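A.B. asks: this is a predicted model, with the sequence first.
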Amino acid sequence: MIQTNIDLKPFNTFGISAIAKRFATFSSTEEITNILTNRDKDELLVLGGGSNLLLTQDFEGLVLKNEIRGYELISEDDDFVSVKVGAGEIWHEFVLMCIGKNLGGVENLSLIPGHVGASPMQNIGAYGVEIKDVFVSLEAYHIESGEVHTFDKAACKFGYRESVFKRSLKGQYIITSVTYQLTKKHAINSSYGAIEDELKKQLIENPTIKDISDAVIAIRSSKLPNPEEIGNAGSFFKNPVVDTTVLEQIQESHESVPNYPAPDNKVKLAAGWLIEQAGWKGKTLNNFGVHKKQALVLVNYDNCKGQEIFDLSTSIINDVKEKFGVTLEREVNII
Ligand code: FAD
Ligand code: EPU
């Protein structure tokens, strides 16, 4: 059933109020076909958990909220289990299910908000792991033809917070399921500095996947705002990947600038550090601003407008560019 004039405030973690002209939920590909068969050819917005978007205005088209649930065991041997997961399942519930069954691979990605279906959109990542590391394939509904197409890892063209669905195939598909390969014999990944520190604090020497998950949850909870309390969409910008010459230039005035190796002889800088150095960390403007503990996160304290957050992000981009010569790119999808 298509509803009209629905406020999207409960459907985005920024807590921004914006009216969708038309709104429908679906829990199967057949339901997508039914909804789309009789629609006007208006703009579509596919919605998962709404944790990676900023609504800057009312949406004049049709919002389609994904509620495809369910798990299907695809294969199992002594080492691996492959499971196909409905795109509308909640990501962190999937992670907890894996840990409960002692299946490894996604424990470093604990507590990331949102749905399974969005996980390949930007190749979600945290604490040294990206979804591409456990990804096998996905099924997606081709909006134009109504066919369901399968994409393997190569076809998704994953990169840092990137996939083909954010680039050349943008707006063409609705992801309906994702298949992941999980381990029975685990490769524990505690290399990300903060995890080691957290494990030491808890006196854990040989961590299990549950220990890693608990450590990641503790670290995340200590610095990222809980969207149920403060509206936000996680990192608002990507960490910029730059030539080493840019790093060297910044090091002339800031010797200890955090930096990490990136492919093609480049380096990744920490956008949070650049924003903090530009003086924005913790700044509040009326009812929105930059988070006090993590400068990469923009926050809505109370009913601000999406356009206000967008304008704040433009000011931050301009200041960082002026101070360091580095152009920050927004990570959040702007609607
Ligand atoms: P939505 O916000 O609903 O959608 C995001 C985009 O994907 C939109 O363009 C939407 O149209 C499209 N989309 C969604 N579902 C589908 C589908 N089934 N088919 C086609 N298109 C679709 N991200 C990280 O990578 N790492 C982190 O550590 C991390 N931490 C976060 C912490 C907090 C507190 C918050 C609020 C966010 C964080 N995020 C992080 C960002 C966000 O959680 C992820 O990007 C998540 O995958 C978004 O899922 P979603 O279901 O909410 O997507
Ligand atoms: N930093 C500052 N000031 C700040 C924030 C960070 O100086 O206000 C410095 C930190 O001291 C550290 C470095 O920046 O040296 C990196 O900080 P952190 O480990 O907190 O991670 P991040 O680079 O800010 C990225 C992801 C997060 C992910 C974490 C953990 C991006 C854009 N963000 O943040 O993802 O959870 O690493 O892996 O890559 C998201 O995508 O929404 C997200 C939260």
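C.D. replies: Ah, there it is. Ligands and ions are numbered 1, 2, ... in the order given.
A.B. asks: dihedrals phi and psi, the one residue in the stretch 201-335 of the chain that gets nearest to ligand 1?
C.D. replies: Taking Cβ to the nearest ligand atom, ligand 1 has its nearest neighbour within the stretch 201-335 of the chain at residue 234, 2.5 Å off. (Each C-beta comes from the backbone N, C-alpha and C, glycine too.) Note on residue 234: backbone dihedrals following degrees, to the nearest 10 are phi 70, psi -150.
A.B. asks: close enough to count as contact, it and residue 113?
C.D. replies: Yes: between residue 234 and residue 113 there is a contact under Cβ atoms under 8 Å: 7.3 Å.
A.B. asks: do me a favour and average the pLDDT over the longest helix anywhere in the chain.
C.D. replies: When the chain is parsed with DSSP state H, its longest helix is helix 306-324. Helix 306-324 carries an average pLDDT of 98.
A.B. asks: any bit of the helix or strand following it sitting next to ligand 1?
C.D. replies: Beyond helix 306-324 on the C-terminal side, the first helix or strand identified by DSSP states H and E is strand 333-334. Yes: interface with ligand 1: strand 333-334 contributes residue 333 (Cβ under 6 Å from any ligand atom).
A.B. asks: ligand 2 versus residue 152, what's the distance?
C.D. replies: 24 Å (Cβ to the nearest ligand atom, to the nearest Å).
A.B. asks: mind checking what secondary structure the closest residue to that residue other than its chain neighbours has?
C.D. replies: Spatial nearest neighbour of residue 152, chain neighbours left out: residue 137 (5.0 Å); criterion: Cβ to Cβ, 6 or more residues apart in numbering. At residue 137, secondary structure determined by DSSP: H, G, I helix; E, B strand; the rest coil is strand.
A.B. asks: on that earlier part again, list the residues that contact both of residue 234 and residue 113?
C.D. replies: Between them, residue 234 and residue 113 share these contacting residues under Cβ atoms under 8 Å, 6 or more residues apart in numbering: residue 51.
A.B. asks: what's the first helix or strand after the helix or strand containing residue 98?
C.D. replies: If you go by DSSP H and E, residue 98 is part of helix 91-100. Per DSSP H and E, helix 91-100 leads on to strand 125-126 as the next helix or strand towards the C-terminus.
A.B. asks: adjacent strands (with direction) for that following strand?
C.D. replies: Under the criterion DSSP bridges, strand 125-126 sits next to strand 129-130 (antiparallel) in its sheet.
A.B. asks: could you give the mean pLDDT of the partner strand?
C.D. replies: Mean pLDDT, computed over strand 129-130, is 98.
A.B. asks: what does stretch 22-32 give?
C.D. replies: 97.
A.B. asks: returning to what we had before: and ligand 1, is the longest helix of the chain touching that?
C.D. replies: No: counting by Cβ under 6 Å from any ligand atom, no contacts exist between helix 306-324 and ligand 1, the nearest distance being 13.0 Å.
A.B. asks: wait, the residue nearest to residue 152 touches residue 154, no?
C.D. replies: No: between residue 137 and residue 154 there is no contact under Cβ under 8 Å: 10.3 Å.
A.B. asks: higher neighbour count, these two?
C.D. replies: Legend: neighbour count by other Cβ atoms under 10 Å for residue 137 and residue 154, higher for residue 137 (19 against 8).
A.B. asks: how near is the more buried one to residue 150?
C.D. replies: 6 Å (Cβ to Cβ, to the nearest Å).
A.B. asks: likewise residue 16?
C.D. replies: Distance of residue 16 to residue 150, given as Cβ to Cβ: 35 Å.
A.B. asks: who's more crowded, those two?
C.D. replies: The neighbour comparison of residue 16 against residue 150 (other Cβ under 10 Å) goes to residue 16, with 28 against 11.
A.B. asks: could you check the pLDDT of that one?
C.D. replies: Predicted confidence (pLDDT) for residue 16: 98.
A.B. asks: and it, what does it touch?
C.D. replies: Neighbouring residues of residue 16 by Cβ under 8 Å, 6+ apart: 8-9, 54-55, 231, 300, 304-306, 309.
A.B. asks: swap the cut-off to 7 Å and go again
C.D. replies: Residue 16 sits next to 9, 54-55, 300, 306 when contact means Cβ atoms under 7 Å, 6 or more residues apart in numbering.
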